[in-house]
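J.: Build me a model from this:
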Amino acid sequence: MNKTIMSAMIIVMLTGCSGLSTKQKNAATGAAIGGVAGAVLTGGSSFGTVGGAAIGGVIGHGVDSAGKRK
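T.: Prediction:
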């Protein structure tokens, strides 16, 4: 059931990204990937999922900034 809910949330999130800036899309994508990775690495723990999403969002947000500095 958790995989179904996560998949549905990712689909809803990605369809709602049409009006976002590139930086916001990167942050959302990073949060989604980080949340899934955190859940997998911690065996589905809520703390791991939320922590992974937070870290992934920060990294995703910074990807656009790092690319523009070059």
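
J.: where does this protein dip in pLDDT?
T.: Within the chain, the ranges that satisfy pLDDT under 70 run 1, 13-14, 16-17, 64-70.

J.: which other residues reach the helix ranked longest in the chain?
T.: Of all the segments of type helix in the chain, defined by DSSP state H, the longest one is helix 46-69. Applying Cβ atoms under 8 Å, 6 or more residues apart in numbering, the external contacts of helix 46-69 come out as 22-23, 26-39, 41-42. From N, CA and C alone the C-beta is placed, and that goes for glycine too.

J.: mind redoing it with 10 Å?
T.: Helix 46-69 is contacted by residues 2, 6, 21-42, 45 when judged by Cβ atoms under 10 Å, 6 or more residues apart in numbering.

J.: Tell me how many other residues crowd Gly30.
T.: Neighbourhood size, Gly30 [other Cβ atoms under 10 Å]: 22.

J.: let me fix that: Ser18
T.: As a burial measure, Ser18 scores 7 neighbours (other Cβ under 10 Å).
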